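# Next one to model:
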Amino acid sequence: MKQERLILASASPRRKDLLSPFFKLLIRPAEIDESIKKNEGARAYVRRMAVSKWQVIAKKFSDEKVLAADTIVILNNRVIGKAKNAKEAGRILNQLSGKTHEVITGVCLGKYQKRKKIFLVSTKISFRALSKSEMDAYVRSGDWKSKAGAYGIQGRASMFVSEIRGSLTNVIGLPIERVLNEF
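As a prediction, this is how the structure comes out:
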């Protein structure tokens, strides 16, 4: 079976891994300002990020399907981004310890001059209470780098999870089951 070509407007190795069994990928990350606007809600923010990334790349590849996505972690109505350093990663893990948070991925998919599809997928993740030594060991591992919420559920952080309600691949970085249904 011949694979359809898809332009992926993301540098995420996790998104590439999730999509590569289904598509012939051309990776073209979009460079945009990812700051949150004043009074912008989490869902509006993640939707805007996906659409903005899509627009930058889809304009350059107007005759091809482009997929852009952005994933955020929300705790107590506050967006928790990627940790900038080990100290911040430890602080984020401490905030998530023993609590339930939400992971939302915004996706924008389609051709530039055609009607694009935009959707959000939400997953709730509960972490068990984490010990200081567990958090310290995880931070030392470096597995938190470049990951929203300072953890990767597909790796060592899977042992922190007590419950998942929703799509696991959404937490990894792309709700692949929904993406495939949109084609």
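# which residues does the spatially most central residue of the chain contact?
By CA atoms, centre = their mean, the chain has its centre lying nearest to Thr71, at 2.7 Å. By CB atoms under 8 Å, 6 or more residues apart in numbering, the contact list for Thr71 reads 46, 103-106, 148, 170, 173-174. Placement of C-beta: from N, CA and C, glycine included.
# now with 7 Å?
For Thr71, the contact set (CB atoms under 7 Å, 6 or more residues apart in numbering) comprises 103, 105, 148, 173.
# Minimum pLDDT in those residues, which residue is that?
Between these, the one the model trusts least by pLDDT is Ala148, at 88.
# Please name the residues that touch the residue nearest to Ile57 when sequence neighbours are not counted.
Leaving out its chain neighbours, the residue that sits closest to Ile57 by CB to CB, 6 or more residues apart in numbering is Ala9, at 3.9 Å. By CB under 7 Å, 6+ apart, Ala9 lies in contact with 28-30, 53-54, 57, 66-68.
# Give the buried subset of those as a ChimeraX selection command.
Of the contacts of Ala9, the buried ones go into a single ChimeraX selection, burial set by 16 or more other CB atoms under 10 Å:
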select :28,30,53,54,57,66,67,68
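# On the three-state scheme, Ala150 is what?
coil (DSSP: H, G, I helix; E, B strand; the rest coil).
# Use 648 as the first number from now on
Sure, I'll start counting at 648 from here, so that last one is Ala797.
# Low-confidence ranges, this structure, go.
648-649 (pLDDT under 70).
# longest helix anywhere in it?
Counting residues, the longest helix in the chain under DSSP state H turns out to be helix 689-707.
# Please save the CA atoms from that helix in PDB.
C-alpha atoms of helix 689-707 as PDB (Å, rounded to 0.1, in the frame of the first residue of the first chain):
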ATOM      1  CA  ALA A 689      -5.700  27.400  27.600                       C
ATOM      2  CA  ARG A 690      -7.900  26.000  24.900                       C
ATOM      3  CA  ALA A 691      -7.800  29.200  22.800                       C
ATOM      4  CA  TYR A 692      -4.000  29.200  23.200                       C
ATOM      5  CA  VAL A 693      -3.400  25.700  22.100                       C
ATOM      6  CA  ARG A 694      -5.800  26.100  19.200                       C
ATOM      7  CA  ARG A 695      -4.000  29.300  18.100                       C
ATOM      8  CA  MET A 696      -0.600  27.600  18.300                       C
ATOM      9  CA  ALA A 697      -1.700  24.700  16.100                       C
ATOM     10  CA  VAL A 698      -3.400  27.100  13.500                       C
ATOM     11  CA  SER A 699      -0.400  29.500  13.500                       C
ATOM     12  CA  LYS A 700       2.100  26.700  12.900                       C
ATOM     13  CA  TRP A 701      -0.100  25.300  10.200                       C
ATOM     14  CA  GLN A 702      -0.500  28.600   8.400                       C
ATOM     15  CA  VAL A 703       3.300  29.200   8.200                       C
ATOM     16  CA  ILE A 704       4.000  25.800   6.700                       C
ATOM     17  CA  ALA A 705       0.800  25.300   4.600                       C
ATOM     18  CA  LYS A 706       1.400  28.600   2.800                       C
ATOM     19  CA  LYS A 707       4.800  27.200   1.600                       C
END
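# Kind regards, and thank you for your time.
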